[in-house]
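> Attaching a predicted model along with its sequence, questions to come.
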Amino acid sequence: MRSFVGCALVVAAWACSGSTDVFGTGQPTGGSGGANGSTGITVGPGAGGGATSSTASSSAMSSSAMSSSAMSSSAMSSSGSGMDPCGNGAIDAGEACDDGNKDAKDGCTGCMLDGAADACPTGEVITLKKAIVIASTTSGKANFTAGFCGGTFAPDMAFQVMPSKSAPVAIKLVTPANFDRVLVVRSTCTQGFTPDPVCIDNNTTLTTTVQQAMQGQAFFVIVTGHQQSSGPFTLTITY
Ligand SMILES: [Ca+2]
Ligand SMILES: [Ca+2]
Ligand SMILES: [Ca+2]
């Protein structure tokens, strides 16, 4: 179980404009740079699987659809039995995603993913409008990339996120305890073994925050596993 943070590559790939910190202030540490403060990327793997870190307990996270079944059922029941659960921001039966809208071709249409997340370089392309919750699995998927902290032998799912505004983006990955999951966030889909700005593989709930995602500048969220581990996951990406 390890947790690494670095930001050299993304900073290199995403040139900062002016004084704006795109994805970090560029401490080219080549690996395990500082996790908090000026790095621009805050990784908050809550100890013991809980959202105990400051990052993990951010309002965006806590209000997200990750409350899943309880949230969705209450939303449905309070809205009447005829309410379409697709678009309520939570995963309901038969849904692979829910982005809280009825818009098509934004990554999640009719609560099904538009594309394929099991290949690079593109990955599933998501236009992040407000939030999206995705329920999927890496089991049976292709092994096409890895994070520097894990994923070499495990299958992967890649999501290309296009921010529709410049703002912090919170990312939360929840898996069963028997899925030794790895969460990678970086500026390209495949990046070999070079250090990723975010690569964390501990706890059943992994959270991180892209402190300043930039409108129109895509970044990639990779779900993979330690060793050969694979399994179901729920991924929430939200402003
Ligand atoms: Ca739903
Ligand atoms: Ca949509
Ligand atoms: Ca892999």
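That came through fine. Residues are numbered from 1 along each chain as shown. Ligands and ions are numbered 1, 2, ... in the order given.

> list the buried ones in stretch 174-187?
For stretch 174-187, burial by neighbour count (16 or more other Cβ atoms under 10 Å) applies to Val174, Thr175, Phe179, Asp180, Arg181, Val182, Leu183, Val184, Val185, Arg186, Ser187. For the C-beta atoms, the positions are set from N, CA and C on the backbone; glycine is no exception.

> Leu128 is in contact with Gly100, correct?
No - using Cβ atoms under 8 Å, Gly100 is not in contact with Leu128; the gap is 11.0 Å.

> If you count surrounding residues, which of these two has more?
The neighbour comparison of Gly100 against Leu128 (other Cβ atoms under 10 Å) goes to Leu128, with 24 against 18.

> residues contacting that one?
By Cβ atoms under 8 Å, 6 or more residues apart in numbering, the residues touching Leu128 are Gly107, Val161, Met162, Pro163, Ser164, Val169, Ile237, Tyr239.

> which one of the residues you listed is nearest Ile91?
Ile237 (13.3 Å; Cβ to Cβ).

> does the closest one sit in a helix or strand, and which one?
Element membership for Ile237, per DSSP states H and E: strand 232-238.

> right, quick check: that strand against ligand 1, any contact?
No - shown here: strand 232-238 not in contact with ligand 1 (Cβ under 5 Å from the ion), separated by at least 12.2 Å.

> what packs against that strand?
On a contact count with 3 or more Cβ pairs under 8 Å, 6 or more residues apart in numbering; DSSP states H and E, strand 232-238 meets helix 59-62, strand 131-137, strand 157-163, strand 167-174, strand 219-225.

> would you put the C-alpha positions of that strand in PDB?
In PDB, the C-alpha atoms belonging to strand 232-238 read as follows (Å, rounded to 0.1, in the frame of the first residue of the first chain):
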ATOM      1  CA  PRO A 232     -16.300  -3.100  -9.900                       C
ATOM      2  CA  PHE A 233     -16.100   0.500  -9.000                       C
ATOM      3  CA  THR A 234     -18.000   3.700  -8.700                       C
ATOM      4  CA  LEU A 235     -16.300   6.800  -9.900                       C
ATOM      5  CA  THR A 236     -17.600  10.300  -9.200                       C
ATOM      6  CA  ILE A 237     -16.100  13.400 -10.900                       C
ATOM      7  CA  THR A 238     -17.600  16.700  -9.800                       C
END
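
> For that strand, which outside residues touch it?
60-61, 64-66, 68, 91, 126, 128, 130-139, 157, 159, 161, 169-176, 179, 181, 221, 223.

> what comes up buried for it?
For strand 232-238, by 16+ other Cβ under 10 Å, it's Phe233, Thr234, Leu235, Thr236, Ile237, Thr238.

> Within its sheet, name the partner strands of that strand and how each one runs.
Here strand 232-238 has these sheet partners by DSSP bridges: strand 131-137 (antiparallel), strand 167-174 (antiparallel).

> So what angle separates the directions of that strand and strand 157-163?
Calculated by axes from the mean of the first three to the mean of the last three Cα atoms, to 10 degrees, strand 232-238 forms an angle of 10 degrees with strand 157-163.

> still on that earlier bit, between the helices and strands packed on strand 232-238, which one is closest to Val210.
That would be strand 167-174 among these, by Cβ to Cβ, at 4.4 Å.
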